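K.L.:
return a 3D structure for these sequence lines:
(2 chains)
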Amino acid sequence: MGALARRRRRRIVGLLVLLGLAVLAGLASIAIGSKPIGLDAVWHGLVAPTGTENDIIIRSLRVPRTELAVLAGVALGIAGSLIQGHTRNPLADPGLLGVTSGAAFAVVVGIFAFGMTSLYSYVWLAFIGAIATTGLVFLLGSAGRGGPTPLTLALAGAAVSALMVGLISAMAVIDQQSLEAFRFWRVGAVAGRDPVVIGQVLPFLAAGLVLALANAPGLNALSLGEDVARSIGQHVLRTRLLGLVAITLLTGGAVAACGPIGFVGLVVPHVARFVTGPDHRWLLPYSGLIGAVLLLVADIIGRVIAWPSELQVGIVLALIGAPVFVGIVRRKRLVRL
Amino acid sequence: MTALQGLRIGPVGLRFRLRPLVVPLAALALTVLVVALNIRIGDFPMSVGDVLRVLVGGGDAAEQYIVFDLRLLRTLTGLLIGAAFGVSGAITQAISRNPLASPDVLGVTPGASAGAVGVIVLASSYGSVAGVIAGIGLPVAALIGGLLSAALVYVLAWRRGVDGYRLVLVGIGVQAFMLNLTYWLLTIGDVTQAGQALVWITGSLNGRSWADLVPVAIALAVFLPLSLVGAHVLGALQFDDDTVRNLGTRVELSRFVLILIAVVLAAVATAAAGPVFFVALATPQIAQRLAGTARPPLVASAVLGALLVSVSDLIARTAFGIELPVGVVTAVLGAPYLMFLIIRKRREVRA
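P.N.:
Numbering: from 1, shown residues only, chains lettered A, B, ... in the order given. The predicted structure follows:
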């Protein structure tokens, strides 16, 4: 068997292993919580619910929460790989295009100017803010005739994000109520979200996922450099635009549903790249699955370490995930962008 | 693009580039103007003559207090921390060859924020630790947090030398850790403490004392000249490690010293005024575009940092009826200007 075929088989096996891990973590996420539920009861609740207390907890609390963690993990992991690929910058995360800060800005404006307080209304505010801001970043980053380049996109994203964060700080400093609501939204969580939210963001996430996978071959070509990509028949602007739309949908959906969960989108691509190398056709699925597993595990840990209370998943991720990430960075040979 | 200017006197030919010289000088002139405004304008209006009279030793006690202890102190602090953040950012971006890098990535500002917010939140809510923690004081806690966290980044990034890319990746990890620690601390305090903490992590020049100012002044006096000496090394560090070794630069040592300078400048500035938002990231990029250089120029970054912070503070103090933290305004002023430069520059190049 040739080296190429062997590598391909290793990658497929790796994907299956990750998928298995994700399923296991998902089941654990349903079983573990302030009220521990046995695996037989989990099975009962999932397959043939009869309305026992366990069944109700499982179906109305644990399952939606687990679904949300999976969705957000997949979305942020893939969006992270896309944005790092497009900007060729290891410091880029899905929030770089202004998606996250735009979402946060819209939420704070909702609280500050209109007195909105329900998580339910934050979903749409966040989503609209995310899309509007990304549009602005893209317009600025591609102003001039040359269209968007990695450098201008990254700088435009950083500048617009800074502007949004500055305005958020201004509102939060002036108005204590905005600060109060914002500081809890800011840490990011998958718990206590209305199951309806999942239905609302799912179409956007699904569309983002499809576009992301469609973007992979084009992005591979772009990473050879724009001129080379053009010479082999790539439409550079269309590829960039496709990628940016995918990132916006994935990140906007995730942020709208869970708040700005940082870390995943920044770090998962680096971890996935250690395994797959820079080929985005492999990198994207790996990033999605690693993101899902990471978010599920972090959420479970947050329930266990603060039992019977909880620690928000965004916090756990960084406090436990960051040291692990640093460990990986030290061990592995670095895959450059 | 920058025109090369030629100067020829007899057999001696001298070629120099004009823009890298003009930009800092023009920025310096503007800064002097803003400083004058900053000292003149406030709740107690004074004419230029009044201010000058006080500055040379005249005026009554109240006027002296206003000019020296309130306005001059605050203005100077703004100038110096702006310069420190500008230089720190310029060095960081040059070493990592990444326009998004700033002292945040070196761990300094996130570590300082975690330290300071920890003191704000924990000192009053948790009885027995309160006395000890409150005794440390905000600037010291920030300084310790920033330096420890930067040391952590450097040590963890070390593996037979510090590679710029690994430094950035480790920095990301440490930054994420410190930031989320800070967010978490924000949720466990009450809303008043969270408000104080927010003002601090946005960056504020309100109520500074000479004790805040002096360390920044000393650090700048020592390290700015030193970093200029090392500036030619920064040019070499643009290339990859092998190239640098062939150029004969002692890579590790130079890199260590430059990182140390960036860390100390950012740490003392953060201790004095909080991690004033966006200055360290934006100023070097603005300076680079204005001066038309290939990498962030140090002196221009320093002057433009000072200018950005002092203009922002003037606006933050006077424009809104209530006083905003200066970091709010640095972002709102700096971001559009940086965008404008990016767009204009591209048009120019393509034309």
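K.L.:
contacts only, for the residue of chain A found nearest chain B.
P.N.:
Nearest residue of chain A to chain B (C-beta to the nearest C-beta) works out as A:Gly166 at 3.0 Å. For glycine as for every other residue, the C-beta is placed from the backbone atoms N, C-alpha and C. Shown in contact with A:Gly166 (C-beta atoms under 8 Å, 6 or more residues apart in numbering or on different chains): B:202, B:277-278, B:327-332, B:335.
K.L.:
same list (the residues you listed) but as JSON lines, adding pLDDT.
P.N.:
Below are these laid out as JSON lines (pLDDT from 0 to 100):
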{"residue": "B:Thr202", "pLDDT": "90"}
{"residue": "B:Phe277", "pLDDT": "88"}
{"residue": "B:Phe278", "pLDDT": "92"}
{"residue": "B:Gly327", "pLDDT": "92"}
{"residue": "B:Val328", "pLDDT": "91"}
{"residue": "B:Val329", "pLDDT": "93"}
{"residue": "B:Thr330", "pLDDT": "94"}
{"residue": "B:Ala331", "pLDDT": "91"}
{"residue": "B:Val332", "pLDDT": "91"}
{"residue": "B:Ala335", "pLDDT": "91"}
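K.L.:
what are the buried residues along the helix or strand hosting A:Asn220?
P.N.:
Using DSSP states H and E, A:Asn220 sits in helix A:195-222. Within helix A:195-222, the residues that qualify as buried by neighbour count (16 or more other C-beta atoms under 10 Å in any protein chain shown) are A:197-198, A:200-201, A:204-205, A:208-209, A:211-213, A:215-216, A:218-222.
K.L.:
helices or strands next to that helix in the packing?
P.N.:
helix A:63-87, helix A:119-141, helix A:226-231, helix A:236-258, helix A:280-305 (3 or more C-beta pairs under 8 Å, 6 or more residues apart in numbering or on different chains; DSSP states H and E).
K.L.:
okay, those helices, which one's buried deepest?
P.N.:
Here the criterion is mean neighbour count by mean count of other C-beta atoms under 10 Å in any protein chain shown, and of the helices and strands packed on helix A:195-222 the winner is helix A:63-87, at a mean of 28.
K.L.:
and it with helix A:195-222, angle?
P.N.:
Helix A:63-87 and helix A:195-222 are oriented at 20 degrees to each other (axes from the mean of the first three to the mean of the last three C-alpha atoms, to 10 degrees).
K.L.:
which ones are touching the residue of chain B found nearest chain A?
P.N.:
Closest residue of chain B to chain A, C-beta to the nearest C-beta: B:Ala331 (3.0 Å). By C-beta under 8 Å, 6+ apart, the contact list for B:Ala331 reads A:162-163, A:165-166, A:169, B:277-278.
K.L.:
please, which helix or strand holds the residue of chain A closest to chain B?
P.N.:
Here A:Gly166 is assigned to helix A:150-174, by DSSP H and E.
K.L.:
mind listing what's buried in that helix?
P.N.:
A:150-173.
K.L.:
which residues does the spatially most central residue of chain A contact?
P.N.:
With distances taken as C-alpha atoms, centre = their mean, A:Leu76 lies nearest the centre of chain A, 1.6 Å away. Counting by C-beta under 8 Å, 6+ apart, A:Leu76 touches A:94, A:250-251, A:254, A:261, A:264-265, A:268, A:291, A:295.
K.L.:
looking at the contacts of B:Ala331, spot the one nearest A:Ala41.
P.N.:
A:Val165 (45.0 Å; C-beta to C-beta).
K.L.:
residue ranges for the strands of the stretch 1-150 of chain B, please.
P.N.:
Here the stretch 1-150 of chain B has its strands, by DSSP state E, counting those that start in this stretch, at B:4-9, B:12-17.
K.L.:
if we can go back for a sec, any chance of CSV for the helices and strands packed on helix A:195-222, columns mean pLDDT?
P.N.:
Rendered in CSV, the data for the helices and strands packed on helix A:195-222 read as follows (pLDDT from 0 to 100):
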stretch, mean pLDDT
helix A:63-87, 93
helix A:119-141, 87
helix A:226-231, 82
helix A:236-258, 91
helix A:280-305, 93
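K.L.:
could I get those helices as a markdown table with distance to B:Val56?
P.N.:
Output for the helices and strands packed on helix A:195-222, formatted as a markdown table (distance: least, C-beta to C-beta, whole Å):
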| stretch | distance to B:Val56 |
| --- | --- |
| helix A:63-87 | 54 |
| helix A:119-141 | 48 |
| helix A:226-231 | 60 |
| helix A:236-258 | 57 |
| helix A:280-305 | 62 |
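K.L.:
check which helix or strand the closest residue to the residue of chain A closest to chain B other than its chain neighbours maps to.
P.N.:
The shortest distance from A:Gly166 to any non-neighbouring residue, by C-beta to C-beta, 6 or more residues apart in numbering or on different chains, is to B:Ala331 (3.0 Å). Using DSSP H and E, B:Ala331 sits in helix B:326-350.
K.L.:
that helix versus helix A:150-174: what angle between them?
P.N.:
160 degrees.
K.L.:
kindly report the residues of the stretch 201-350 of chain B close to chain A.
P.N.:
B:202, B:277-278, B:281-282, B:285, B:322, B:324-325, B:327-332, B:334-336, B:338-339, B:342-343, B:346-347, B:350 (C-beta under 8 Å from any C-beta of the partner chain).
K.L.:
ok, of those, which come out buried?
P.N.:
B:202, B:277-278, B:281-282, B:285, B:324-325, B:327-332, B:334-335, B:338-339, B:342-343, B:346.
K.L.:
hang on, the earlier thing: average pLDDT for the helix holding A:Gly166?
P.N.:
Across helix A:150-174, pLDDT averages out at 89.
K.L.:
just to revisit the earlier point, any idea which of the helices and strands packed on helix A:195-222 gets closest to B:Val170?
P.N.:
helix A:63-87 (16.5 Å).
K.L.:
can you list the buried residues in the helix or strand just after that closest one?
P.N.:
Remark: after helix A:63-87, the chain's next helix or strand is helix A:99-114, criterion DSSP H and E. Buried residues in helix A:99-114, counted by 16+ other C-beta under 10 Å: A:99-112.
K.L.:
out of these, which are close to chain B?
P.N.:
Applying C-beta under 8 Å from any C-beta to those, none is adjacent to chain B.
K.L.:
so what's A:Asn215 up against?
P.N.:
Taking C-beta under 8 Å, 6+ apart, one finds A:82, A:239, A:242-243, A:246, A:280 in contact with A:Asn215.
K.L.:
redo these as JSON lines? Include distance to chain B.
P.N.:
Formatted as JSON lines, the contacts of A:Asn215 follow (distance: C-beta to the nearest C-beta, whole Å):
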{"residue": "A:Leu82", "distance to chain B": "17"}
{"residue": "A:Thr239", "distance to chain B": "20"}
{"residue": "A:Leu242", "distance to chain B": "22"}
{"residue": "A:Gly243", "distance to chain B": "18"}
{"residue": "A:Ala246", "distance to chain B": "21"}
{"residue": "A:His280", "distance to chain B": "19"}
